[in-house]
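Participant: Just the structure for this:
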Amino acid sequence: MPPELLLISSSRCHPHGYLDHCEDRLQQLFDGIGEVLFVPYARPAGCSHAEYTGMARKRFAKMGIGIKGASECDDPARAATEAEGVFIGGGNTFVLLRDMYDNGLVDVLRERIAEGMPYAGTSAGSNVAGMSIGTSNDMPIVHPPSFAAIGAVPFNINPHYPREKPDPKHKGETRDDRIREFHFFNPQPVVALHEDGMLRIDGDQIELIGDRQALIFRQGEKAEEVPPGPMPAELLAGD
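Facilitator: Numbers count the residues shown, from 1 in each chain. Here you go, the predicted model:
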């Protein structure tokens, strides 16, 4: 089966509540699936695994989908092996990836996604679907054993890309500057998504969903603005 992913920039978009703006797309991705494995390791604002899992469980129940929390499982890697689908929430990407490695999830998820298991992530959960977490916006508050992530797609995600141009009085680095710095050492493209942006990947097809364009940053090239709709096929070919 071809890989199926929904990579969401943000779990909340003004004025909507948690996952409201992407509910229809999540239901399409997980159509026919009764229970999804939820990975709460990113722990937004330091909430507990139980609190985060409870929030996801309550929201997915509105869609008629059950949630099994990875932190509730004695063997999270086995749970991922047996899961019909996986959803990874946002928070701190470094904490998320560290705990994914600690619980043996990185390789298992890579294999399951390649086999066609539906995968959705928001923010940090989208970051870890890419080649590395080198384009996360988060503070590196812990040390994962590697920045290498699942690699379900041959590019990196940069979520929460700002809609507005930087204040000209601001003299610090811009988001574009930081992505250019990343490309000094790393060759893979970076797809920057605004808050409402999502990538729907179905086999060799990739679609941008949302109200605004995404930006594709490639090493040594000017950023390319891409409107909602089909995305360049070479992104999935790794070119």
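
Participant: surely L215 meets P227?
Facilitator: No: counting by Cβ atoms under 8 Å, L215 does not reach P227; the two are 11.2 Å apart. Backbone N, C-alpha and C define where each C-beta goes, glycine included.

Participant: Tell me which of those two has more neighbours.
Facilitator: Neighbours per residue (other Cβ atoms under 10 Å) separate L215 from P227, with L215 holding more: 20 against 11.

Participant: Doesn't the more buried one belong to a helix?
Facilitator: No: using DSSP: H, G, I helix; E, B strand; the rest coil, the assignment for L215 is strand, not a helix.

Participant: Any idea what it is bridged to?
Facilitator: L215 has these beta-bridge partners by DSSP bridges: A192, E225.

Participant: Spit out the contact partners of it.
Facilitator: Taking Cβ atoms under 8 Å, 6 or more residues apart in numbering, we find L215 in contact with Y161, V191, A192, A223, E224, E225, V226.

Participant: now with 7 Å?
Facilitator: Y161, A192, A223, E224, E225 (Cβ atoms under 7 Å, 6 or more residues apart in numbering).

Participant: Mind checking which of those are buried?
Facilitator: Those of those that meet the buried threshold are Y161, A192, by 16 or more other Cβ atoms under 10 Å.

Participant: With respect to L97, which of the contacts of L215 is nearest?
Facilitator: A192 (19.7 Å; Cβ to Cβ).

Participant: Surely that closest one touches A214?
Facilitator: Yes: with contacts counted by Cβ atoms under 7 Å, A192 reaches A214, the gap being 6.3 Å.
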